[in-house]
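> Predicted coordinates and the sequence they were generated for:
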Amino acid sequence: MTPPPQYTHLGPFRELFRSGLPILTYHKFGAPPRGARLRGLHVREELLRRQLAEMRREGYSSGPPGPAAEAVAEAGAVAERRALALTIDDGFRSVHEIALPLLVEHGFQALLYLVADRLNGTNDWEMAQGEVRAPLMTDTEVREWLAAGQRIGAHTLTHPWLTQVPRELAREEIQASRRRLEDRFGVEVVDFCYPYGDWNPAVRDEVIDAGYRTAVTTEFGVNAAGADRWALRRITARHASRGWRAVRGWWRRRFGGA
């Protein structure tokens, strides 16, 4: 199966972005450390700066996935609204060190999905799969993130595969992560991210029952009016892009046409 195209710059994605709400997702920032397995998920500072500057020049504005999707649907004219959502998974310290100053500089808001029981710690779920150790944000850094006008969402307590654990454990991971983040930081947490993009209807029902208003997957695409708000599609931003041919190919397979 051909992997989906990945976002490095706006050009190849203009047509696609006109068809619905794009949600970009990031993970880590800066140069990949020696031994990193998923090197492409490290978006270097200069690339992020170029991406944000380009989005701003093109008139894009960002907001949370739910309200942004509603604004697009109400407007009935996606291209004119130029709305998008920026999301960041896991809460690595490089988000605070590199991404936050650039987001503030360019006037963008991002939604950061936090692994609630791993704050102040490291990426043990990745290390178990052979990835190099990387620090996660501290409570102080999360508070600074929020004070700068950014948002947080829940990414479970420990980052498990939710379809592969008992349903009671999945329920606890989903519900308790929201409660702990709200108690810890004094903000409402209404957005959820499925770890590894791993979900099914039963997991989705648990997310809805927990009171979340949106949930994002790793499925590629944009979100048209009427999209399932608990199964929103995203586009990964990373260094290795498959370019405009891959985007056009995906577009044709999905919608047909020239």
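Cool, the structure landed. Only a predicted model underlies this, so the values are computations on that prediction, with no experimental measurement involved.
> mind saving the C-alpha coords of stretch 131-138 as CSV?
Provided in CSV are the C-alpha atoms of stretch 131-138 (Å, rounded to 0.1, in the frame of the first residue of the first chain):
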residue,chain,number,x,y,z
GLU,A,131,13.2,4.6,19.9
VAL,A,132,15.7,6.8,21.6
ARG,A,133,14.9,8.5,24.9
ALA,A,134,13.3,11.9,24.7
PRO,A,135,12.1,14.2,27.5
LEU,A,136,8.5,15.3,27.8
MET,A,137,7.2,18.6,28.9
THR,A,138,7.1,19.5,32.6
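> got the contact list for it?
Applying C-beta atoms under 8 Å, 6 or more residues apart in numbering, the contact partners of stretch 131-138 are 28, 33-38, 90-96, 114-115, 118-123, 126-127, 145. In short, each C-beta sits where N, CA and C put it, glycine included.
> Cross-reference these with the strands and report the matches.
K28, D90, L114 (DSSP state E).
> about what we covered before: please indicate which of the contacts of stretch 131-138 are buried?
Buried residues within those, defined by neighbour count using 16 or more other C-beta atoms under 10 Å: 28, 36, 90-96, 114-115, 118-119, 123, 126, 145.
> one step back: would you list the ones in strands among the contacts of stretch 131-138 in CSV and tack on pLDDT?
Below are these laid out as CSV (pLDDT from 0 to 100):
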residue, pLDDT
K28, 97
D90, 98
L114, 98
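> sorry, back to before: okay, among the buried ones among the contacts of stretch 131-138, which ones form the most distant pair?
A36 and W145 (23.5 Å; C-beta to C-beta).
> Work out for me the element the spatially closest residue to F220 that is not a sequence neighbour sits within.
Spatial nearest neighbour of F220, excluding adjacent residues (C-beta to C-beta, 6 or more residues apart in numbering): P4 at 3.6 Å. Assessed by DSSP states H and E, P4 sits outside every helix and strand.
> Against D198, how distant is P4?
17 Å (C-beta to C-beta, to the nearest Å).
> For the residue nearest the centre of the chain, give me phi and psi.
Residue closest to the average C-alpha location in the chain (C-alpha atoms, centre = their mean): T87, at 3.1 Å. Dihedral angles of T87 (phi, psi; degrees, to the nearest 10) stand at phi -120, psi 150.
> neighbours around P22, how many?
Neighbourhood size, P22 [other C-beta atoms under 10 Å]: 26.
> ok, it - contacts?
Per C-beta under 8 Å, 6+ apart, neighbours of P22: F13, L16, L84, A85, V222, N223, I235.
> Just these: which are in helices?
L16 (DSSP state H).
> okay but the residue nearest to the centre of the chain is in contact with F108, surely?
No: assessed by C-beta atoms under 8 Å, T87 is found out of contact with F108, at 11.6 Å.
> what is in contact with these two at once?
In contact with both T87 and F108: no residue, using C-beta under 8 Å, 6+ apart.
> can I assume the residue nearest to F220 is in contact with R233?
No: applying C-beta under 8 Å as the test, P4 and R233 come out as separate, 9.9 Å apart.
> And the helices in the stretch 101-250 of the chain, which stretches?
Remark: helices assigned in the stretch 101-250 of the chain by DSSP state H, counting those that start in this stretch are 124-127, 139-147, 167-185, 201-209, 243-255.
> All set now, cheers.
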